[in-house]
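Q: build the 3D model from these lines:
(one chain, ligands or ions: 1)
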Amino acid sequence: MQWAMGELINHPNVLKKLRHEINEVVGSNRLVRESDVQNLPYLRAVICETLRLHPSSPMIMRECAEDCEINGFLIKAKTRVLLNHYAIMRDPKSWENPNEFFPERFLERLEEKNRNFGYIPFGMGRRACPGVSLAMMVMPTVVGALVQCFDWEINEGKLDLTVGSGAGAEMAHALVCYPVLRINPFDSSG
Ligand code: HEM
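A: Residues are numbered from 1 along each chain as shown. Presented below is the predicted three-dimensional model:
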């Protein structure tokens with residue numbers, strides 16, 4: 001979620017478009033709810049694009065159950081294979097301008113990308129993440145509420161969103177931003 005907020009702050013046009021969608025669908029008299037998520041395609045696209053660029057598990061591991069051949073390479077049984085999600089989801093063969101934060105790409109043709117294993121922030125197969133439904137409900141709701149209720153100020157012109165060198169590909173620099181109240185959906189007097 002901090003990557004989503006960082007990308008939104010660095011892409012004011014995306015933030016504006018997202019806020020417009022939330023204003024249209026939810027309005028300002030109540031907070032974004034989980035049940036709104038299905039009616040907020042651009043919000044979902046923002047979360048999908050964030051997970052593409054910043055998967056929380058950039059690498060996963062598998063152990064071969066039996067000898068197999070992949071692209072002409074013999075992989076012996078019991079070999080441990082690392083899958084690089086981070087690289088797969090930035091592969092220029094699957095993604096146009098792969099390093100660019102562009103949520104619109106998820107408004108169409110997502111299924112096709114899934115089938116080609118080009119988009120796997122939650123892994124794939126029988127050990128894929130069982131928390132995907134919960135995550136894809138909670139993250140949009142929280143990010144949606146943060147965008148709905150607050151403007152976000154930062155110290156300099158742009159945030160430094162360099163990816164850190166750790167195995168979790170976390171932020172190299174802590175996200176520092178300041179909320180400024182826009183609307184208070186709990187304020188019945190307004
Ligand atoms: C943005 C949120 C999340 C992301 C990006 C994520 C991503 C992943 C990934 C990539 C894996 C490895 C899948 C594989 O090996 O193919 C995984 C496994 C797992 N995740 Fe998540 N996850 C998220 C949230 C959650 C939540 C909310 C829960 C539980 C409430 C959860 C529970 C698990 C469990 C139990 C596994 C191990 C599954 C297994 O080995 O069979 N995850 N997750």
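Q: drop to CA atoms for contacts and neighbour counts, all remaining ones
A: Fine.
Q: next helix or strand past the helix or strand of the chain with the lowest mean pLDDT?
A: Using mean pLDDT, DSSP states H and E, helix 110-115 stands out as the lowest-scoring helix or strand of the chain, at a mean of 58. For helix 110-115, the following helix or strand on the C-terminal side (DSSP states H and E) is helix 132-149.
Q: and that following helix, what does it pack onto?
A: helix 12-25, helix 41-53 (3 or more C-alpha pairs under 8 Å, 6 or more residues apart in numbering; DSSP states H and E).
Q: distance to the ligand, mean neighbour count and mean pLDDT for those - can I get that in JSON lines?
A: Below are the helices and strands packed on helix 132-149 laid out as JSON lines (distance: least, C-alpha to the nearest ligand atom, whole Å; neighbours: other C-alpha atoms under 10 Å; pLDDT from 0 to 100):
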{"stretch": "helix 12-25", "distance to the ligand": "19", "mean neighbour count": "16", "mean pLDDT": "97"}
{"stretch": "helix 41-53", "distance to the ligand": "7", "mean neighbour count": "23", "mean pLDDT": "96"}
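Q: wait, which of those is closest to residue 176?
A: The minimum distance between residue 176 and these falls on helix 12-25, with 16.5 Å, by C-alpha to C-alpha.
Q: quick one: work out the angle between the closest one and helix 132-149.
A: If you take axes from the mean of the first three to the mean of the last three C-alpha atoms, to 10 degrees, helix 12-25 sits at 90 degrees to helix 132-149.
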